[in-house]
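Engineer: 3D, please:
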Amino acid sequence: MIKDSSFKIKRIYFDETYHPSDNTRLTTNFANLARGENRQENLRNVLKMIDNRFNDLAQWDNPTGDRYSVEIEIISAEIEIENDNSADTFPLIEILNTTIVDKKTKTRIEGSVGNNFSSYVRDYDFSILLLDYNKTQPSFNAPHDFGDLHGNLFKSFLNSTAYKTAFQKLPVICLSVSTNKTYHRTDNQHPILGVEYQQHEFSLTDQYFAKMGMQVRYFMPARSVAPLAFYFFGDLLADYTSLELISAISTMESFQKVYRPEIYNANSAAAKDYQPSLKHQDYSLTRIVYDREERSQLAIKQGRFTQESFIAPYQDRLEEWSATYAA
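Structural biologist: The predicted structure follows:
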């Protein structure tokens, strides 16, 4: 049903002229930024934020703080489902790929792939399946197989020829920390990622990414105000260069300042024992317009679309494939 050739990759540049394609996952945060009367100003401002933060972290041999700029591509992975005499295509995953432009040496350097993570099946799992399941439960929890199908689809994509041809390294996903967990600062400090935080009761998102085969560590880079969650394969500290890590931090911390200013644009830094909160009042707003309410509503809409167009029509075949793939 799903094989190596089932996956296709499309690329769209994310710049100040970016327009979301007709079939983009509308809950994707960068699509949200690119709509409305302020769209071009939003895009220009967020790209400038990313460049500024990159140069702030890459200070060596960079006396004027403008040596580097970051280019971003939206990577859309589609999956083809074979029928008897035809095939249906479904948009599966969107991630970001960064390229670092060194204006001093006039070279282009591969950054990190991953960064943001957007998925139709994830919307279905969190916005439809999880809520329906808990209508009959005495307390909120997830079914034992929650995230299994999505995790196997993701791993299958990473093992595909399409991914391996396009990218040299496995992705690093950089997201916000959970608002219902407490994170504890450690003495471990990395020269790029910053000070490490830990927590020993994984959030539902952490568990979901574990089904995708990814580990998680939490770091607060220099001059940041809250830790970020880094999801990765292998060894986060050894497998990626300083510039690759900086490209992930600068891109996703800038987006998080827009998405969750209560946490990532707070006016004071995270304490030693830190629980993030979207109810925090002491924070600053960026000049970038972002519709968080729209995003929440569209997550449900896209989850229903996934249920109707992907899960329901192919459920038996998907479950059989997922069980075989896992084995």
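Engineer: what kind of secondary structure is residue 42 in?
Structural biologist: Under DSSP: H, G, I helix; E, B strand; the rest coil, residue 42 falls in the helix class.
Engineer: What distance do you get for it to residue 286?
Structural biologist: According to CB to CB, to the nearest Å, residue 42 stands 9 Å off from residue 286. The way it works is simple: take the backbone N, C-alpha and C, and place the C-beta from them, glycine included.
Engineer: Look at those two and report which has more neighbours.
Structural biologist: Between residue 42 and residue 286, counted using other CB atoms under 10 Å, residue 42 has the larger neighbour count: 23 against 16.
Engineer: Please name the residues that touch the nearest residue to residue 249 once chain neighbours are set aside.
Structural biologist: Nearest non-adjacent residue to residue 249, counting by CB to CB, 6 or more residues apart in numbering: residue 221, 5.2 Å away. The neighbourhood of residue 221, defined by CB atoms under 8 Å, 6 or more residues apart in numbering, consists of 57, 192-194, 228, 249, 253.
Engineer: pLDDT score assigned to residue 221?
Structural biologist: Per-residue confidence (pLDDT) for residue 221: 98.
Engineer: again, but for the one 10 residues further on
Structural biologist: The predicted local confidence for residue 231 comes out at a pLDDT of 98.
Engineer: in the stretch 101-250 of the chain, which spans are helices?
Structural biologist: Taking DSSP state H, counting those that start in this stretch as the criterion, the stretch 101-250 of the chain contains helices spanning 120-124, 130-133, 148-158, 161-166, 204-211, 242-259.
Engineer: For stretch 133-148, give the mean pLDDT please.
Structural biologist: Confidence over stretch 133-148, taken as the mean pLDDT, stands at 92.
Engineer: how far is it from where the chain is centred?
Structural biologist: The chain centroid and the centroid of stretch 133-148 are separated by 24 Å, computed with CA atoms, centre = their mean, to the nearest Å.
Engineer: ok, now stretch 102-120?
Structural biologist: Between the mean C-alpha point of stretch 102-120 and the mean C-alpha point of its chain there is a distance of 14 Å (CA atoms, centre = their mean).
Engineer: ok, now stretch 75-84?
Structural biologist: Between the mean C-alpha location of stretch 75-84 and the chain-wide mean there is a distance of 21 Å, by CA atoms, centre = their mean.
Engineer: How about stretch 147-164?
Structural biologist: 15 Å.
Engineer: With stretch 103-121 instead?
Structural biologist: Mean C-alpha position of stretch 103-121 versus that of the full chain (CA atoms, centre = their mean) differs by 12 Å.
Engineer: Number the chain from 5, please
Structural biologist: Right, with 5 as the first residue, what we last looked at is stretch 107-125.
Engineer: so what's residue 213 up against?
Structural biologist: Under the contact definition (CB under 8 Å, 6+ apart), the residues listed for residue 213 are 177, 220, 235.
Engineer: same thing with residue 184?
Structural biologist: Remark: with contacts taken as CB under 8 Å, 6+ apart, residue 184 is in contact with 207, 279.
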